[in-house]
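Enquirer: quick one: sequence plus predicted model below, questions after.
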Amino acid sequence: MAIPKKAEEVDLSKNLTALSNIADWFDEQDEIDIEQGLTKVKEAAALIKTSRARLQDIENEFKEIKKDIEKELE
């Protein structure tokens, strides 16, 4: 799975699904291959990082909208 570089490109729903799939993969393993496990952990870390950045962008957008609404109500 390709990890988007820019927060604007991040689809949070897809990231959550991918993270869930990674967790399921670990749950389904009787014996975890260390190399595969490391790859999955790195992928999860990248997904979490991009998701956090996107969530921060979304929060900032909501703050801007709130400011605009408050200005109009004054």
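Expert: Yes, it's here.
Enquirer: which other helices and strands contact the helix or strand hosting residue 16?
Expert: Under the criterion of DSSP states H and E, residue 16 resides in helix 12-28. Other elements packing on helix 12-28 under the criterion 3 or more C-beta pairs under 8 Å, 6 or more residues apart in numbering; DSSP states H and E are helix 34-73. C-beta: built from backbone N, CA, C; applies to glycine.
Enquirer: any weak-confidence spans in this protein?
Expert: The chain contains residues with pLDDT under 70 at 1-8.
Enquirer: any idea how far the residue nearest to the spatial centre of the chain lies from residue 72?
Expert: Closest residue to the average C-alpha location of the chain: residue 51 at 2.5 Å, with C-alpha atoms, centre = their mean. Distance, residue 51 to residue 72, using C-beta to C-beta, to the nearest Å: 32 Å.
Enquirer: what's the local residue count around residue 36?
Expert: Residues near residue 36, counting by other C-beta atoms under 10 Å, number 12.
Enquirer: residues contacting it?
Expert: Applying C-beta atoms under 8 Å, 6 or more residues apart in numbering, we find residue 36 in contact with no residue.
Enquirer: what's the spacing between it and residue 71?
Expert: Using C-beta to C-beta, residue 36 is found at 53 Å from residue 71.
Enquirer: just residue 23 next, same as before
Expert: Distance from residue 23 to residue 71, counting by C-beta to C-beta: 43 Å.
Enquirer: show me which of these two is the more surrounded one.
Expert: For residue 23 versus residue 71, neighbours defined as other C-beta under 10 Å are more numerous around residue 23 (12 against 8).
Enquirer: for residue 32, see how far away that one is.
Expert: From residue 23 to residue 32 the distance is 13 Å (C-beta to C-beta).
Enquirer: residues in contact with residue 23?
Expert: By C-beta under 8 Å, 6+ apart, residue 23 has no neighbours at all.
Enquirer: neighbours of the closest residue in space to the residue nearest to the centre of the chain that isn't next to it in sequence, how many?
Expert: Nearest in space to residue 51, with sequence neighbours left out and distances taken as C-beta to C-beta, 6 or more residues apart in numbering, is residue 15 at 4.7 Å. Residue 15 has 20 neighbours, counted by other C-beta under 10 Å.
Enquirer: thanks a lot, see you next time.
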